[in-house]
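> I'd like to go over a predicted model; first the sequence, then the structure.
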Amino acid sequence: MKNKVTYPLMGFNSWDCYGAAINEEQLLSIAEYVKGNMADFGYRYIVCDIQWYEPKAKSTQYNNFTELCVDDFSRVIPAVNRFPSSANGVGFKAIADKIHDMGLLFGIHIMRGIPRQCVHQNTPTVTPGVTARDIASSFSVCPWNTDMYGINPNARGAQEYYDSIFEMYASWGIDFVKVDDIANTEYKPHDPYSAKAEIEMIAKAIQKTGRHIILSLSPGPAPIDHASHLAQYANMWRMSGDFWDESKKLDEMFELCYKWYEYIEDNSRPDCDMLPLGVLCLNDENEKHRARNSRFTKSEQEMVMGLWCMFRSPLFFGGDPRFNDEFTLQLITNENLISLQNSSKNNRPLFWNKKQAIWYCNDKNGDSVYGFFNLEDIAVTIRTPFNEKIAGLNLIDNKNETIGENTIIPARSCKIFRVK
């Protein structure tokens, strides 16, 4: 019960660069940049991440128990001081219309559930006689954000509440919704998939709108023993917690991809998270980390892009693309790699020993592609699957290269070859 993926799962997400505090001017300016520099390569979704309904948001640090902007039916709405065009009940429709006019698609982030302030104030929902307090699960809370209570799926009016918020999103013209605190509900470590029923309610609400909305679930790690359920109801789901520009996290992602590769499908994708490349954390409260370049080396950035594409992970750029340097823009618009993300088949690891990996897939023409990844801090010689020298195209630098039984991979680097 989900919509098919009709456009590449590629775009921009505001979290890595603006946290909870992006505003309308920044969002539309980034959309214009994406239109002119990235859309032709498949990046079409512009996703406004968490707390667009929080008027005082200023960074990645949340204001605990702060007042949120809500409507008369206990639904969050955009903060007008940050998104002026949302005034007078317009919501995100004006922004969505502008993004659609650019030939792009618009997405938003939400937390599962219903605002705590509405529960405490016992405000109405769309169901006559049913209040926020009637449908909330008082014990179902997110441990890292104070905005919401989970929904009691058995309560009268619960499904109608989810129906109403997605009907509102559809009326705004939303094309993509990232739902958080749902793929792994950390408040129940013994039952991380405790929001299973809410996933089904949300998927049902999306279908009821009749609008083609892509459903993304966060945070990770999503429980792999529920992979079939995730694939049934969602288009993408996170395999890990937030992926930042740290070598350790990159190494851990190779292990996660090794565990999840069997679940890659055209309409269902395990998600490696955003690409923390380019200029990040533009409003970080720590001045030392504010507006910094990705801490990954250039070769590590190539590893990120290479693994994401060979694994067919969604590609959502996390930096502010308006500040991209030539290297970053060329890397994320590498058509050789992007074509693997869009249309490769038989994606799988051939070798993995925690230090080196060999990945394989067939490209859209059926040609074989091999990715050789070295996670060590020294150059290593990797045994290839070839018994003789063979001509290949290095998809990263687009240069022809001869590969033999062994290939040398520099420290923390990769080579990705297409061979006939």
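Happy to help now that I have it.
> any chance you could map the strands in the stretch 301-420 of the chain?
Here the stretch 301-420 of the chain has its strands, by DSSP state E, counting those that start in this stretch, at 315-317, 345-352, 356-362, 368-374, 380-383, 390-394, 399-403, 406-409, 413-419.
> again but with the stretch 151-300 of the chain, I slipped
Here the stretch 151-300 of the chain has its strands, by DSSP E, counting those that start in this stretch, at 176-180, 214-217, 236-238, 269-271, 279-280, 292-293.
> show me what the first one is packed up against.
For strand 176-180, the elements it packs on are strand 45-48, strand 105-111, helix 196-209, strand 214-217, judged by 3 or more Cβ pairs under 8 Å, 6 or more residues apart in numbering; DSSP states H and E. Where C-beta positions appear, they are placed from N, C-alpha and C, glycine not excepted.
> same check on the third one?
For strand 236-238, the contact count by 3+ Cβ pairs under 8 Å, 6+ apart identifies strand 214-217, strand 269-271 as packing neighbours.
> just name the most buried of those.
Of all the helices and strands packed on strand 236-238, strand 269-271 carries the top mean neighbour count, a mean of 27, counting by mean count of other Cβ atoms under 10 Å.
> if you average pLDDT over it, what comes out?
For strand 269-271, the mean pLDDT works out to 98.
> and for it, what are the contacting residues?
With contacts defined as Cβ atoms under 8 Å, 6 or more residues apart in numbering, strand 269-271 is touched by 5, 9, 216, 220, 222, 235-239, 256-257, 260-261, 263-264, 311-314.
> could you list the domains of this protein?
Structural domains annotated on the chain: 10-343, 356-419, as defined by automatic domain parsing.
> low-confidence ranges, the stretch 101-250 of the chain, go.
The model of the stretch 101-250 of the chain has no residue with pLDDT under 70.
> about what we covered before: could the strands of the stretch 301-420 of the chain go into CSV alongside mean pLDDT and distance to Glu167?
What follows is these, written out as CSV (pLDDT from 0 to 100; distance: least, Cβ to Cβ, whole Å):
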stretch, mean pLDDT, distance to Glu167
strand 315-317, 98, 26
strand 345-352, 98, 37
strand 356-362, 98, 40
strand 368-374, 98, 43
strand 380-383, 96, 53
strand 390-394, 93, 49
strand 399-403, 93, 52
strand 406-409, 94, 52
strand 413-419, 97, 44
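> distance to Asn122 and mean neighbour count added to those strands, as TSV?
Output for the strands of the stretch 301-420 of the chain, formatted as TSV (distance: least, Cβ to Cβ, whole Å; neighbours: other Cβ atoms under 10 Å):
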stretch	distance to Asn122	mean neighbour count
strand 315-317	38	26
strand 345-352	50	15
strand 356-362	54	21
strand 368-374	55	23
strand 380-383	63	14
strand 390-394	63	17
strand 399-403	66	12
strand 406-409	61	16
strand 413-419	56	22
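> which among these is found nearest to Tyr149?
Nearest to Tyr149 among the strands of the stretch 301-420 of the chain is strand 315-317 (28.1 Å), distances taken as Cβ to Cβ.
> got the contact list for Lys188?
Lys188 is in contact with Ser194, counting by Cβ under 8 Å, 6+ apart.
> kindly report the same for Val419.
Shown in contact with Val419 (Cβ under 8 Å, 6+ apart): 367-370, 390-393, 403.
> of those, which is the nearest to Gly91?
Closest to Gly91, out of all of the contacts of Val419 and judged by Cβ to Cβ, is Val369, at 43.5 Å.
> Provide a list of residues in contact with that closest one.
Each residue near Val369 by Cβ under 8 Å, 6+ apart is listed here: 310, 340, 344, 360-363, 395, 416-419.
> quick revisit: can I get the contacts of Val419 in CSV with distance to Tyr45?
What follows is the contacts of Val419, written out as CSV (distance: Cβ to Cβ, whole Å):
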residue, distance to Tyr45
Asp367, 28
Ser368, 30
Val369, 25
Tyr370, 30
Ile390, 38
Ala391, 37
Gly392, 33
Leu393, 29
Ile403, 36
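> now Pro410. Nearest residue, chain neighbours left out?
Ala379 (4.9 Å; Cβ to Cβ, 6 or more residues apart in numbering).
> three-state assignment of the residue lying closest to Val76 once chain neighbours are set aside?
Residue nearest to Val76 in three dimensions, not counting chain neighbours: Tyr53, with 3.8 Å by Cβ to Cβ, 6+ apart. Three-state call for Tyr53 (DSSP: H, G, I helix; E, B strand; the rest coil): coil.
> run a quick neighbour tally on Tyr53.
When counting by other Cβ atoms under 10 Å, one arrives at 24 neighbours for Tyr53.
> does it touch Ile77 like I think?
Yes: contact criterion Cβ atoms under 8 Å: Tyr53 and Ile77 qualify, at 6.1 Å.
> who touches both of the two?
Common contacts of Tyr53 and Ile77 (Cβ under 8 Å, 6+ apart): 69-70.
> OK, contacts around Ile135?
Residues near Ile135 by Cβ under 8 Å, 6+ apart: 114, 125, 151-152, 155-158, 161.
> sorry, back to before: can you list the strands of the stretch 301-420 of the chain in TSV and add distance to Gln301?
Formatted as TSV, the strands of the stretch 301-420 of the chain follow (distance: least, Cβ to Cβ, whole Å):
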stretch	distance to Gln301
strand 315-317	12
strand 345-352	21
strand 356-362	17
strand 368-374	13
strand 380-383	20
strand 390-394	16
strand 399-403	18
strand 406-409	16
strand 413-419	10
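> out of those strands, nearest to Ser228?
Comparing the strands of the stretch 301-420 of the chain by Cβ to Cβ, strand 345-352 comes nearest, at 18.5 Å.
> out of the domains of the chain, flag the one nearest Leu350.
Within these, the stretch nearest Leu350 is domain 356-419; the backing value is 4.4 Å (Cβ to Cβ).
> can you get me the start-to-end distance on that closest one?
21 Å (Cα to Cα, to the nearest Å).
> got it, and stretch 307-315?
End-to-end span of stretch 307-315 (Cα to Cα): 11 Å.
> stretch 275-284 too?
Counting by Cα to Cα, the terminal residues of stretch 275-284 are separated by 18 Å.
> tell me the buried residues in it?
Within stretch 275-284, the residues that count as buried by 16 or more other Cβ atoms under 10 Å are 275-284.
> next one: stretch 236-253
236-245, 249-250, 252-253.
> and the next helix or strand past the helix or strand hosting Asp16?
Assigned by DSSP states H and E, Asp16 falls within helix 15-18. Going down the chain from helix 15-18, the next helix or strand is helix 24-37, by DSSP H and E.
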